[in-house]
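*Asks:* Prediction below, plus the sequence it came from.
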Amino acid sequence: MRPARHRRSKSDTFLAVVLGVPLLLILSPLIVLMLIGSLASAVFVHIAAWAIWSSRGKYVLLVYSDSTIWKEYFESEVIPRLHEKAVVLNWSHRKRWKTSLATIAFRRYGGRSDFNPMAFVFIPYKPVKTFRYYSAFKEYKQGHPGNVGILTDQLIGTLESIGARPAA
């Protein structure tokens, strides 16, 4: 037997419009303020990271963890090449993180999925350039390492393009 389909009656639709439109009008200033606040926080974090870190020669926020899949790669291939151009956060030690510009930037730009491992490059007057390694390492685990190397080369190339030469 088929389940009964629920069809919305005209009165239900009318009621939704009558209640929804005024509610949307009432909440729209709050929604606009939230969007402006979100944009302002992104701009503030970007400017702070660029101003504070670049004065110390740092342009990258690198986030990785102690996963057996990528820890060795990051510690032997990526971190040494970035030398002193990066601020590094280890996701496995996040319970020990104190609030800092690095943790704020990670939470602001990291998102809720594919956030580990990843790198952010803070370039003056341009959006933050993000390199998400998670999918590439899924392929790496299946015997296809190409995209991991490509991402790393793109990360290094981005640093070179802004004049921040990483270690060879």
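*Replies:* Nice, I can see it.

*Asks:* Check whether residue 50 sits in a helix, strand or coil.
*Replies:* Three-state call for residue 50 (DSSP: H, G, I helix; E, B strand; the rest coil): helix.

*Asks:* Enumerate every residue touching it.
*Replies:* Going by C-beta atoms under 8 Å, 6 or more residues apart in numbering, residue 50 touches 122-124. C-beta coordinates here come from the backbone N, C-alpha and C atoms, glycine included.

*Asks:* how far does stretch 82-100 sit from the chain's center?
*Replies:* Mean-position distance between stretch 82-100 and its chain equals 14 Å (C-alpha atoms, centre = their mean, to the nearest Å).

*Asks:* What of stretch 20-40?
*Replies:* 24 Å.

*Asks:* the strands in this structure, which residues?
*Replies:* 60-64, 86-90, 118-121, 129-132 (DSSP state E).

*Asks:* so what's the closest residue to residue 134 other than its chain neighbours up against?
*Replies:* Leaving out its chain neighbours, the residue that sits closest to residue 134 by C-beta to C-beta, 6 or more residues apart in numbering is residue 114, at 4.1 Å. Applying C-beta under 8 Å, 6+ apart to residue 114 gives the contacts 132, 134-135.

*Asks:* if you set the cut-off to 10 Å instead, what comes out?
*Replies:* 130, 132-136, 138 (C-beta atoms under 10 Å, 6 or more residues apart in numbering).

*Asks:* What of residue 31?
*Replies:* residue 24.

*Asks:* Could you rerun that using 7 Å?
*Replies:* If you count contacts by C-beta atoms under 7 Å, 6 or more residues apart in numbering, residue 31 has none.

*Asks:* Relative to residue 12, how far out is it?
*Replies:* Separation of residue 31 from residue 12 (C-beta to C-beta, to the nearest Å): 25 Å.

*Asks:* Grab the most central residue of the chain for me.
*Replies:* residue 110 (2.4 Å; C-alpha atoms, centre = their mean).

*Asks:* and that one, what pLDDT?
*Replies:* pLDDT, residue 110: 91.

*Asks:* swap in the one 10 residues further on?
*Replies:* The score at residue 120 is 95. That number is its pLDDT.
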